[in-house]
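Engineer: Got a sequence here, can you model it:
(chains A and B)
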Amino acid sequence: GDSVTQMEGPVTLSEEAFLTINCTYTATGYPSLFWYVQYPGEGLQLLLKATKADDKGSNKGFEATYRKETTSFHLEKGSVQVSDSAVYFCALSDRGLTGGFKTIFGAGTRLFVKA
Amino acid sequence: DVKVTQSSRYLVKRTGEKVFLECVQDMDHENMFWYRQDPGLGLRLIYFSYDVKMKEKGDIPEGYSVSREKKERFSLILESASTNQTSMYLCASRSRDTDYSPLHFGNGTRLTVT
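Structural biologist: So this is what the prediction gives:
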């Protein structure tokens, strides 16, 4: 079945450091890929997405490129801020058995950014 | 703005009780989902529905059932609650049955089974 694997956390960085959170996937079809973020005390919200190979999703300084050849969708940011401290979830959306689309999430990676 | 409302923020139930978790969305979304969120395991899909009265099992459906009688409401049912169902339950909805429209989440129901 479909699955998403992302690097274990927590990841602790100093402000202005470079961030990479690795994400790889397995899917039976050709999925769309997503990063969601959960800030402390809040619900999950979409950060960025990519729907086909070589697409780059970007938002709030974060980027991720859909790499079909390596089945990866790594999240990057050039200079993190304390306000980026959150849990980041990689996800894919693929067709289920009865035809509807389902979204599968990774385990999440907690990021702490120190001032 | 899309609003997904879960009926309870915190719930405490006893082992063996029948438990209903309710979720309502106000944006006429076709697709609705139930996940549970556990530390180190992320979000795991329990059930989803892409139309009224339609449902499909997710990755961990055992011990759960769902009901979708109206488009705006998706209920998760624990027929006989057990302690291993203590978790945070998240409901989500999506506007179209495509693979690229994002999910909109409720704030979650933290269920404790004693």
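Engineer: got a list of what residue B:3 touches?
Structural biologist: The neighbours of residue B:3, taking C-beta atoms under 8 Å, 6 or more residues apart in numbering or on different chains as the test, are B:25-27. C-beta here means a position set from N, CA and C on the backbone, and glycine is covered the same way.
Engineer: So which of these sit within strands?
Structural biologist: residue B:25 (DSSP state E).
Engineer: Pick the one among the contacts of residue B:3 closest to chain A.
Structural biologist: Of all these, chain A sits closest to residue B:25, with 13.1 Å by C-beta to the nearest C-beta.
Engineer: ok, now which ones touch the closest one?
Structural biologist: B:2-5, B:32, B:72, B:74, B:93, B:104.
Engineer: related to what we said a few turns ago, need the contacts of residue B:3 in CSV with pLDDT and distance to residue A:10, can you?
Structural biologist: Output for the contacts of residue B:3, formatted as CSV (pLDDT from 0 to 100; distance: C-beta to C-beta, whole Å):
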residue, pLDDT, distance to residue A:10
B:25, 96, 32
B:26, 94, 35
B:27, 88, 34
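Engineer: min pLDDT across the contacts of residue B:25, which one?
Structural biologist: When it comes to pLDDT, residue B:2 is the least confident member of those, at 68.
Engineer: Relative to chain B, which residue of chain A is the closest?
Structural biologist: For chain A, C-beta to the nearest C-beta, closest residue to chain B: residue A:100, 3.2 Å.
Engineer: give me phi/psi at that residue?
Structural biologist: Main-chain torsions, residue A:100, degrees, to the nearest 10: phi -80, psi 160.
Engineer: try residue A:84
Structural biologist: Torsion angles, degrees, to the nearest 10, at residue A:84: phi -80, psi -10.
Engineer: And the one 3 residues further on, by the same measure?
Structural biologist: When read as degrees, to the nearest 10, the backbone of residue A:87 gives phi -110, psi 130.
Engineer: Surely it and residue A:106 touch.
Structural biologist: No: contact status for residue A:87 versus residue A:106: not in contact, 10.6 Å apart, counting by C-beta atoms under 8 Å.
Engineer: on that earlier part again, in terms of contact, does the residue of chain A closest to chain B touch residue B:31 like I think?
Structural biologist: Yes: counting by C-beta under 8 Å, residue A:100 touches residue B:31, with 6.7 Å between them.
Engineer: Contacts only, for the residue of chain B found nearest chain A.
Structural biologist: Distances between chain B and chain A by C-beta to the nearest C-beta are smallest at residue B:50, namely 3.2 Å. Shown in contact with residue B:50 (C-beta under 8 Å, 6+ apart): A:98-101, B:30-31, B:56, B:97.
Engineer: Pull out the buried members of those.
Structural biologist: Buried residues within the contacts of residue B:50, defined by neighbour count using 16 or more other C-beta atoms under 10 Å in any protein chain shown: A:100-101, B:30-31, B:56.
Engineer: Return the backbone torsion pair for the closest residue to residue A:48 other than its chain neighbours.
Structural biologist: Distance criterion C-beta to C-beta, 6 or more residues apart in numbering or on different chains; nearest residue to residue A:48, sequence neighbours excluded, is residue A:57 at 3.5 Å. Phi and psi for residue A:57, reported as degrees, to the nearest 10, are phi -90, psi 150.
Engineer: how deep is residue A:57 tucked in, by neighbour count?
Structural biologist: Residues near residue A:57, counting by other C-beta atoms under 10 Å in any protein chain shown, number 21.
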